[in-house]
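Visitor: curious how this folds, go ahead:
(one chain, ligands or ions: 1)
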Amino acid sequence: MGFKKLINSKKALSLVAAFMLIGTNVLMAQGTGADPKAADSTSKADMWLGVGYYVLLVLLACVIVAVVGKILRVYDLSLRMQGKKGMNWNNIIGVICLIFLVVSMYGVYWSFTVQGNMILPESASAHGGKIDFMFWTTTVITMFVFFITQILLWVFLFKYRGSDKRKGYYYPHNNTIEKVWTIIPAIVLTILVVFGFFTWRTVTNTDNLKNDINIDITGHQFAWEIRYPGKDGKLGEVNYQLYTPNNILGVNFKDRNSFDDQKADTLVLPVNREIRINIHAQDVIHSVYMPHFRVQMNAVPGLPTFFKFTPTITTADMRNRLDNPQFEYLLYCNKICGGGHYNMQKVVRVVSEAEYENWIARQKPYLTDQIKKELHLADASQPNKVAENRIALNN
Ligand SMILES: [Cu+2]
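Guide: As a prediction, the model looks like this:
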C-alpha cells in the first residue's frame, strides 16, 4: 500500500482519530493532575492503568476470536482437501445468533438486578412523583418493545439461516407492514411527548409563587456558590462586570436588597416550603442536578434560569427510611464542563422550619469586610453612601 493510499484509507484515519482522542484525555488528566495532593495523582495513575488494562483485555479477546476463526478455517479447508463436506458455516452463525440472544438477555437481567439496586430512592420533592411516573411508563414501554424485537430478530436469524435445502423468498415490499411499523411507534412517541410536555408544564408552573424562598446558585469552573436573600427575602442584583476576587458573584451593592444577602456552603432547605433556585453560570454551561428531588436545570452564562420545587422529606427522615445514617442529598453538576467537573458537588440538607431558622441566623453575610473596603463602604448599614461607591465606575 503506497503512502498516499494509506493516508486516504479510512482505517488509518480512524486509528489516528482514536489516538488523538486518547491523547486529549491524557492531557486533560495531566491538567487537573497539577493538584499538589500526592494521593490525587496516584489515584489518577491508577485510573489510567485501569483503562489500559481494559483496552488490553478487549484487544486480547479480539486476538482470541481471530485465532479461533483461523483454526476453524484451516480445519474446514483440510476437510475439503480430503474430499469431505466442509463445515456448515450457516449452522455455526445461526447458533452464534442464539448464543448471543441468551448472553445479551442475561446481560439485561444482570443490569436490572445489579444496577437496578442503585436506583434513586423515592422522590423527596412534591413534583418528583410525576417525573417518576413518566420514567416508569417510558421504561415499561421501551422494555416491552426491546424484548419483543430482540427475540424476534435473533430467533428469526437462527430459524431462517442459510441452507442448501431452501431458497430465499424474494419479498421486496409490503405497504401494510410499512404502515404498521411507522404508525404504531409514531402514536406511542406522540403520547409520550405530549404526556412529557404536560408534566413539564405542571412541574414548572410558576403561577402560585407565594412565600417561597429565593436562593441563587451560581456555577463556575469548578464549584457552586450559594447565596441566600437574607431577612428581606430579596436577593440583590448581580452583574458579572462587577466581579472582583472578593465579590466573586458580582453582586451589585447599589441595590439595597443585597446588603443582607448571605452566603452558605451547604444548601439548607426547610421541609415543605416552596424553594425557587435562581441558576447562574459564569463561564461555561453547567447544570444544577439534584437527583433525589428530581430537579435538573441548565446553568447558562448570560441567561439566568430557575427551578421551583418543594422538598418533602427531611434528611433525617430519609436516613431512617434508607437505614443509612451517612445519607446526604447532593447537588451535582450535570454538564461535563471541564477537567474538574466531577468536583462540582454540594451537600443539600432538608431540615425542619425551626432548624432552618436557627441555621440561617448563623450564616455569614455576603458583604464581607474586604468587599466593604473595596467599595470604600465604611458602614454597609448606611446605604446612602453606596451611591458614591467605586462600583459606579464600572457601569
Ligand atoms: Cu459544571
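Visitor: please see if stretch 334-345 touches the ion.
Guide: Yes: applying CB under 5 Å from the ion, one finds that stretch 334-345 is in contact with the ion at 337, 344. Quick note: C-beta positions are derived from backbone N, CA and C, even for glycine.
Visitor: got the buried residues for that stretch?
Guide: Of the residues in stretch 334-345, those with enough neighbours to count as buried (16 or more other CB atoms under 10 Å) are 334, 335, 337, 338, 339, 341, 344.
Visitor: using CSV, lay out those residues together with pLDDT and secondary structure.
Guide: Compiled in CSV, those are given as follows (pLDDT from 0 to 100; DSSP: H, G, I helix; E, B strand; the rest coil):
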residue, pLDDT, secondary structure
334, 92, coil
335, 91, coil
337, 89, coil
338, 87, coil
339, 87, coil
341, 90, helix
344, 91, coil
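Visitor: of the residues you listed, which is the nearest to the ion?
Guide: Comparing these against the ion with CB to the ion places residue 337 closest, at 3.2 Å.
Visitor: report the contact partners of that closest one.
Guide: When contacts are counted by CB atoms under 8 Å, 6 or more residues apart in numbering, residue 337 is found next to 219, 221, 222, 283, 284, 285, 286, 344.
Visitor: repeat that for 10 Å
Guide: Under the criterion of CB atoms under 10 Å, 6 or more residues apart in numbering, the contact list for residue 337 reads 219, 220, 221, 222, 281, 283, 284, 285, 286, 287, 299, 344.
Visitor: would you list the phi and psi of the residue in the stretch 51-200 of the chain that the ion sits nearest to?
Guide: Ranking the residues of the stretch 51-200 of the chain by distance to the ion (CB to the ion) places residue 120 first, at 20.5 Å. When read as degrees, to the nearest 10, the backbone of residue 120 gives phi -60, psi 150.
Visitor: who's in contact with it?
Guide: Taking CB under 10 Å, 6+ apart, we find residue 120 in contact with 128, 132, 135, 291, 292, 293, 294.
Visitor: near the ion, list only the ones from those.
Guide: Among those, none lies close to the ion by the criterion of CB under 5 Å from the ion.
Visitor: most surrounded residue in these?
Guide: When neighbours are taken as other CB atoms under 10 Å, the top entry among those is residue 293 (27 neighbours).
Visitor: go ahead and confirm that one touches residue 121.
Guide: No: counting by CB atoms under 10 Å, residue 293 does not reach residue 121; the two are 11.3 Å apart.
Visitor: residues shared between the contacts of the two?
Guide: Common contacts of residue 293 and residue 121 (CB under 10 Å, 6+ apart): residue 313.
Visitor: sorry, back to before: which of the contacts of residue 337 has the largest number of neighbours?
Guide: Using other CB under 10 Å as the neighbour definition, those reach their maximum at residue 286, which records 31 neighbours.
Visitor: residue 238 versus that residue, what's the distance?
Guide: Using CB to CB, to the nearest Å, one gets 16 Å for the distance from residue 286 to residue 238.
Visitor: all strands for the stretch 251-395 of the chain, in order.
Guide: Assigned by DSSP state E, counting those that start in this stretch, the stretch 251-395 of the chain shows strands spanning 262-264, 267-270, 275-281, 286-290, 295-299, 305-309, 329-333, 345-351.
Visitor: out of these, which is the most enclosed?
Guide: Between the strands of the stretch 251-395 of the chain, the one whose residues have the most neighbours on average, counting mean count of other CB atoms under 10 Å, is strand 286-290 (a mean of 25).
Visitor: close to the ion: what parts of the stretch 251-395 of the chain are there?
Guide: Within the stretch 251-395 of the chain, the residues that sit near the ion (CB under 5 Å from the ion) are 286, 333, 337, 344.
Visitor: would you confirm that the second one contacts residue 279?
Guide: No: Residue 333 lies out of contact with residue 279 (CB under 10 Å); the separation is 11.2 Å.
Visitor: please enumerate the shared neighbours of these two.
Guide: 219, 224, 286, 287, 288, 299.
Visitor: and those, which is closest to residue 111?
Guide: Each of the shared contacts of residue 333 and residue 279 was checked against residue 111 using CB to CB; the closest is residue 287, at 25.3 Å.
Visitor: for residue 166, see how far away the nearest residue to the closest one once chain neighbours are set aside is.
Guide: Nearest in space to residue 287, with sequence neighbours left out and distances taken as CB to CB, 6 or more residues apart in numbering, is residue 334 at 3.9 Å. Here residue 334 is placed at a distance of 53 Å from residue 166 (CB to CB).
Visitor: please apply the same query to residue 308.
Guide: Taken as CB to CB, the spacing of residue 308 relative to residue 166 amounts to 64 Å.
Visitor: mind giving me CSV with the buried residues of stretch 334-345 and columns for distance to residue 62?
Guide: Compiled in CSV, those are given as follows (distance: CB to CB, whole Å):
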residue, distance to residue 62
334, 34
335, 34
337, 35
338, 33
339, 31
341, 32
344, 37
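Visitor: among the residues you listed, which two are most distant?
Guide: When these are compared pair by pair using CB to CB, the two farthest from each other are 334 and 339, 16.3 Å apart.
Visitor: what's the burial count for residue 57?
Guide: For residue 57, the tally of surrounding residues (other CB under 10 Å) stands at 10.
Visitor: confirm that it sits in a helix.
Guide: Yes: going by DSSP: H, G, I helix; E, B strand; the rest coil, the assignment for residue 57 places it inside a helix.
Visitor: one step back: pick out whichever of the buried residues of stretch 334-345 sits closest to residue 200.
Guide: Sorting the buried residues of stretch 334-345 by how near they are to residue 200, with CB to CB, puts residue 334 at the top with 16.9 Å.
Visitor: quick one: that closest one and residue 345 touch, right?
Guide: No: with contact defined as CB under 10 Å, residue 334 does not reach residue 345; the gap is 11.1 Å.
Visitor: shaky segments in the chain?
Guide: Low-confidence segments of the chain (pLDDT under 70): 1-42, 206-211, 377-395.
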